[in-house]
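Participant: structure, please.
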Amino acid sequence: MIYLQMLWTFFRLGLFTVGGGYAMLPLIQSEIERLGWITAEEFVDMIAIAEMTPGAIGVNTATFVGFRLGGLFGAFVATTGIALPSLLVVVAVSKALDRFREHPLVEAILYGIRPVVAGLIASAALFIAQAAVIEAGGSGFSSIEPIALVLAIASGLAVGRYHLHPVAAIVGAGLVGLIVF
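Facilitator: As a prediction, the model looks like this:
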């Protein structure tokens, strides 16, 4: 029964999420917490691992959730569920989109979707930032982890402004974590 529930849950998430993996994260988080499959802390850890592994973060996260719930077959089911809608939509829409890309209705729809995708990605970023920088159970500025905040700001600047490769930032932060903690 859990396999069918995973397949249906991740199929719906894959079908109704526009904007890629980061836009998908708030929806995945909401759904798996609602179902009691994963805690918020476990979800943040999964995101960290999904960031470091090759592939799309939404698919990787679904794979980790599936593995946690049902082992290797659960990973397969969750990954299939989240990826299948994209495959079906791409096959169905690819020819039509090429023909109608310049159509005012299609342009208007895409124009309306873009800000929503940006908002979903921002929501995922805020959730991850809060979980990574604020102590568990804390709220407000008094519960901010100073080392985590410095790592977040430094890595953001290093990658965004100075074009440090993200893998180097992850490895560096991991080394700091090993040394400090």
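Participant: Validate this expectation: Ala169 resides in a helix.
Facilitator: Yes. Secondary structure of Ala169 (DSSP: H, G, I helix; E, B strand; the rest coil): part of a helix.
Participant: quick one: it and Arg99, what's the gap?
Facilitator: Applying C-beta to C-beta, to the nearest Å, the value for Ala169 to Arg99 is 42 Å. For glycine as for every other residue, the C-beta is placed from the backbone atoms N, C-alpha and C.
Participant: could you do Gly14 as well?
Facilitator: The value you get for Gly14 to Arg99, if C-beta to C-beta is used, is 25 Å.
Participant: so which of Ala169 and Arg99 has more stuff around it?
Facilitator: Ranked by neighbour count (other C-beta atoms under 10 Å), Ala169 and Arg99 place Ala169 first, with 17 against 9.
Participant: that one - nearest residue in space that isn't next to it in sequence?
Facilitator: Setting aside the residues directly before and after it, Ala169 is nearest to Ser155 in space (C-beta to C-beta, 6 or more residues apart in numbering), at 4.3 Å.
Participant: so which strand or helix has that neighbour?
Facilitator: Taking DSSP states H and E as the definition, Ser155 sits inside helix 146-160.
Participant: for that helix, packing partners?
Facilitator: helix 104-133, helix 166-180 (3 or more C-beta pairs under 8 Å, 6 or more residues apart in numbering; DSSP states H and E).
Participant: thank you, goodbye.
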